[in-house]
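[1] Here is my input, please return the structure:
(one chain, ligands or ions: 1)
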Amino acid sequence: MLTHPSATVPKHPLREGVLSLIGNTPLVRLRRLSDRLGHNIQAKLEFLNPSGSVKDRMALYIIEAAERSGWIKPGDLLIDNSSGNTAISVAMVATVKGYRSLFTVPDKTSQEKIDLIKALGAEVVVCPTDVPHDDPRSYYESARRLARERGGYLIDQYHNPLNIESHFATTGPEIWEQTDGKIDVFVAGIGTGGTLSGVARFLKSKKPDIRVIAIDPVGSVFHNLFKFNELQDPGRYLVEGLGSDTPCGALDMTVIEEIVQVDDRESFASARQLVIEEGMITGGSSGSAIAGIERWLKREAGNPALNIVTVLPDSGMRYVSKFLSNDWMAKIGL
Ligand SMILES: Cc1ncc(COP(=O)(O)O)c(C=O)c1O
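    Here you go, the predicted structure:
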């Protein structure tokens, strides 16, 4: 009997360490949501990256680029400001490769995330959320000061062009291949903007008429910047990982067709519905993406079914004490 050549390739080959598991995440059709909305909604499950979020891609990419340039070597200190996920990803890559790491986080960051960062051997400095980004106490300025004082290498996720490049090189091509090019709309929340910008640049290089819809929490500055070129006073919101009180260099606004705003209530309700409806235990920003799709589709009513791809950036396991807790939701009045 002839043996097909693929029979000799093991389906589940032995992998060399945790970093080899970053990327190549599955794309899954959200069946009930698609049926309910009458469009084909597909989600890239970034919470299946080994540390539990999309940030693993950027962390590995930036650290390996710095190594290749000779800017860092094992034993050095890596620093960034983070809403938690970047810290967990950088700390994971750092511990595997033998670096030390230190992160500043805003005080709204969930305890699960802070404990995880520490468990990975990193230092954590908690900073006030309610101060402007240029205040010396902010997590943004504190990271810069600590990098100067401690001689650390600043990852600089908010302004580092390699953040965008990491998604142009990995997430974008994966989505293109997994959809076989059958994609009409790409939707993603903006935190640093790296995921949205890198994926959108890649997809538009293949198919220029793909529509790119960005999701921004009510209270963040991106929506007004995009629509009116105006920097508003930032407001307060509880969803983690999305939005900003200042423009950032890792966001390429030229790839965006529209920015849809969603509030905390919609984001958390949608994230909880993803758990019930699809069995997907994802974070609040995944809820923002789905709520944004639903809101955007209301204006597209009557259109033929669209192939819509979005990204579910992190796991709901990080928010068991927050929006997945009925007590917490009641406490914040939702
Ligand atoms: C939970 C969560 N969702 C979404 C994002 C947005 O990703 P990006 O920074 O690539 O825009 C982040 C980034 O911090 C995040 O932590």
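
[2] Give me the nearest residue to residue 212, chain neighbours excluded.
    In this structure, residue 212 finds its nearest non-sequential neighbour in residue 200, 4.4 Å apart by Cβ to Cβ, 6 or more residues apart in numbering. To be clear about C-beta, it is placed using only N, CA and C from the backbone, and glycine gets the same treatment.

[3] Which element, helix or strand, includes that neighbour?
    helix 194-206 (DSSP states H and E).

[4] Residues contacting the following helix or strand past that helix, please?
    With elements assigned by DSSP H and E, the helix or strand that comes after helix 194-206 is strand 211-217. Contact with strand 211-217 is made by 184-190, 196, 200, 203-204, 222-223, 226, 237, 239, 242-243, 255-264, 267, 288-289, 291-293, 296, as judged by Cβ atoms under 8 Å, 6 or more residues apart in numbering.

[5] swap the cut-off to 6 Å and go again
    For strand 211-217, contacts defined as Cβ atoms under 6 Å, 6 or more residues apart in numbering pick out 185-187, 189-190, 196, 200, 222-223, 237, 239, 242-243, 255-261, 288-289, 292, 296.

[6] Buried ones among those?
    Taking 16 or more other Cβ atoms under 10 Å as the criterion, what is buried in the contacts of strand 211-217 is 185-187, 189-190, 196, 200, 222-223, 237, 239, 242-243, 255-256, 258-261, 288-289, 292, 296.

[7] Find out how far stretch 296-314 is from the centre of the chain, if you would.
    Distance, stretch centre to chain centre, for stretch 296-314: 19 Å (Cα atoms, centre = their mean, to the nearest Å).

[8] start to end distance for that stretch?
    Terminal residues of stretch 296-314 lie 22 Å apart, using Cα to Cα, to the nearest Å.

[9] ditto for stretch 18-33
    Distance between the boundary residues of stretch 18-33 (Cα to Cα) amounts to 33 Å.

[10] Tell me the buried residues in it?
    19, 22-23, 25, 28, 30, 33.

[11] In the protein, what residue lies closest to the ligand?
    residue 241 (2.4 Å; Cβ to the nearest ligand atom).

[12] per-residue pLDDT, that residue?
    Predicted confidence (pLDDT) for residue 241: 91.

[13] and if you look at residue 2?
    Predicted confidence (pLDDT) for residue 2: 56.

[14] Over to residue 29?
    At residue 29, the pLDDT value in this model is 98.

[15] likewise residue 6?
    Listed pLDDT for residue 6 reads 57.
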